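Asks: just coords:
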């Protein structure tokens, strides 16, 4: 299968490219990062996609900074909505499948509990609104395309919250994390494995939650990371994580949803595999892939 991965410079895109290339009997991969194909320039999208043949496209690219999206709403709309729609039309003409990576932020997060694929959406800020608009635009082009919703992605290719937390814990006595916002930390490594399986199931379409199991606050997530670090004997000055509130973070100018953990039962049934918990996935990352920087 010839697979085109857009957004290969990101945390998820890089993991997907690496994993698919480890399976050469099943996949041939072409990868574009933002330097190779600028999604703010529609002409580049046409030039790059029309000139090659592929069987499936995975779009991992997005403008993800919530504050940047508030400051640059036109860029957010182009990258998160119009570019995916343009790619979808090209895929339709080429009879190729498209998998659009989405986000748990499309939910308003006002109600506790895990969200299913049928849960109502209610995006709160520019990032969330443009991502949901992109999801809807892709499915409007073809109901046979797949929207894969992910949450709190961590992995070895680009630093995430957990990497920053562990670095801070090595150099500071005091580390903090938000205790009143909840979702599911999810491994980019697991996401890449699941996407490889889904590529070979073209009948899977519509919206699908892709995440590890369980629910965590940023505080719970950070505390478990420190626990694993202690078990591994890593040096750290901070011995615990101080809980803070979302409302205390004055740099957050865009609204954040509170409860966006997702149910992944449908994914488990489709791929016929048990989904690891976020704790097991985080432990795998820290013990196997994490590089302790000097």
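Replies: Thanks, I have the structure now. Given the structure is predicted, the values throughout are model-derived calculations rather than measurements.

Asks: Please enumerate the helices of the stretch 1-150 of the chain.
Replies: Along the stretch 1-150 of the chain, counting by DSSP state H, counting those that start in this stretch, helices occupy 11-21, 42-50, 66-71, 73-77, 83-94, 126-141.

Asks: I'd like the ones you listed as TSV, with distance to residue 245 and mean pLDDT appended.
Replies: In this view, the C-beta of every residue, glycine as well, is placed from N, C-alpha and C. TSV is the format used below for the helices of the stretch 1-150 of the chain (distance: least, Cβ to Cβ, whole Å; pLDDT from 0 to 100):
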stretch	distance to residue 245	mean pLDDT
helix 11-21	27	97
helix 42-50	41	94
helix 66-71	17	96
helix 73-77	27	97
helix 83-94	34	97
helix 126-141	21	98
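
Asks: Dihedrals phi and psi, the nearest residue to residue 285 once chain neighbours are set aside?
Replies: Nearest non-adjacent residue to residue 285, counting by Cβ to Cβ, 6 or more residues apart in numbering: residue 187, 5.9 Å away. Note on residue 187: its backbone torsions stand at phi -80, psi 130 [degrees, to the nearest 10].

Asks: Run a quick neighbour tally on residue 187.
Replies: Neighbour count of residue 187, defined by other Cβ atoms under 10 Å: 25.

Asks: Mean neighbour count and distance to residue 283 for the helices of the stretch 1-150 of the chain - can I get that in JSON lines?
Replies: Below are those laid out as JSON lines (neighbours: other Cβ atoms under 10 Å; distance: least, Cβ to Cβ, whole Å):
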{"stretch": "helix 11-21", "mean neighbour count": "23", "distance to residue 283": "17"}
{"stretch": "helix 42-50", "mean neighbour count": "15", "distance to residue 283": "39"}
{"stretch": "helix 66-71", "mean neighbour count": "17", "distance to residue 283": "29"}
{"stretch": "helix 73-77", "mean neighbour count": "17", "distance to residue 283": "35"}
{"stretch": "helix 83-94", "mean neighbour count": "20", "distance to residue 283": "34"}
{"stretch": "helix 126-141", "mean neighbour count": "22", "distance to residue 283": "29"}
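
Asks: Mind listing what's buried along the helix or strand harbouring residue 170?
Replies: Applying DSSP states H and E as the criterion places residue 170 in helix 161-171. Of all the residues in helix 161-171, those buried under the rule 16 or more other Cβ atoms under 10 Å are 161, 162, 163, 165, 166, 168, 169, 170.

Asks: and if you look at stretch 206-217?
Replies: Within stretch 206-217, the residues scored as buried using 16+ other Cβ under 10 Å are 207, 208, 209, 210, 211, 212, 213, 214, 215, 216, 217.
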